[in-house]
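Trainee: return a 3D structure for these sequence lines:
(one chain, ligands or ions: 1)
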Amino acid sequence: MYIIMLGAPGAGKGTQADILSQEMNLPHIASGDLFRQALEERTGVGLLAKSYMDKGELVPDEVAIKMILERINQPDCAAGCLFDGFPRTLHQAEVLDKAFREQGKTIDKAIYIEVPNGELVKRLSGRWLCRTCQIPYHIINSPPKTPGKCDKCDGELYQRSDDKEKTIKERLSIFFTQTIPILDYYKKQNKLIKVNGNLGIQEVARAIISALKVPMSP
Ligand code: AMP
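Mentor: Predicted coordinates for the structure are as follows:
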């Protein structure tokens, strides 16, 4: 199955994709993580992406598309994957469909995790991530047991440089202008599933899994 996770920054796409990835045994392909990894490796794509990411802007379509198509052509994605953060523009969605058509594949579902704007800002501005395993924490809603350390792997926690107030506002505004039109695109194809993301992590996961009609592990 090929599933697209849609939602504003802070809606919980990554968290839910991690859960689904385990439940459905599918690789979790996060475009933002691929850019951050490229930046750590100091590749040309990583350095180019940084200038956009720092401002909260989208990396040019052609760069994002090339990176994702290369990633999903790897063998682990042959039977399906979960897209997190891609597509983010109508053009990206159309190019992905075209590439899939040429390979005889199709996107099965697009899941839109809906969260009110005020809640998104609160979530992003309090978000800390583990540098090693990427698990997200929140300074108020889900703090780590030891400040600055990941409960799971003891890795160092850090705040993303684009989780700053001004950049958060820019990212949200870009989502509402450039990404929202994608909802209609998948709705017209009868692939859109909307879930209320303003609930606990497990409740949202249950809603998604039940909408996908996938058996959930006990
Ligand atoms: P994320 O981790 O998904 O919040 O993405 C972080 C940043 O990476 C975004 O603010 C963009 O600058 C860039 N990015 C991630 N995915 C895409 C995409 N599909 N198209 C363009 N830029 C992207």
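
Trainee: tell me the centre residue of the chain?
Mentor: The centre of the chain sits closest to Asp84, judged by C-alpha atoms, centre = their mean, with a distance of 3.0 Å.

Trainee: OK, contacts around that one?
Mentor: By C-beta atoms under 8 Å, 6 or more residues apart in numbering, Asp84 lies in contact with Met5, Lys13, Gly14, Ala17, His28, Ile29, Ala30, Ser31, Gly32. Quick note: C-beta positions are derived from backbone N, CA and C, even for glycine.

Trainee: what sits opposite the first one in the beta ladder?
Mentor: Beta-bridge pairing of Met5, defined through DSSP bridges, involves Asp84, Ile111.

Trainee: does it touch Leu82 like I think?
Mentor: Yes: counting by C-beta atoms under 8 Å, Met5 touches Leu82, with 6.2 Å between them.

Trainee: so what sits against both of the two?
Mentor: Listed as contacting both Met5 and Leu82 by C-beta under 8 Å, 6+ apart are Ala17, Leu20.

Trainee: helix/strand/coil for the residue in the chain that the ligand sits nearest to?
Mentor: Residue of the chain nearest the ligand, by C-beta to the nearest ligand atom: Gly32 (2.0 Å). Classification of Gly32 using DSSP: H, G, I helix; E, B strand; the rest coil returns helix.

Trainee: skipping adjacent residues, who's closest to it in space?
Mentor: Using C-beta to C-beta, 6 or more residues apart in numbering and skipping residues adjacent in sequence, the residue nearest Gly32 is Gly85, 4.8 Å away.

Trainee: count the residues that sit near the one you found.
Mentor: Using other C-beta atoms under 10 Å, Gly85 is surrounded by 23 other residues.

Trainee: look up how far Ser210 lies from it.
Mentor: 24 Å (C-beta to C-beta, to the nearest Å).

Trainee: tell me where the protein has helices.
Mentor: Ranges of helices within the chain are 13-24, 31-40, 44-53, 61-72, 90-102, 117-125, 165-174, 181-188, 201-212, based on DSSP state H.

Trainee: which helices and strands sit right next to the longest one?
Mentor: Here helix 90-102 touches helix 61-72, helix 181-188, going by 3 or more C-beta pairs under 8 Å, 6 or more residues apart in numbering; DSSP states H and E.
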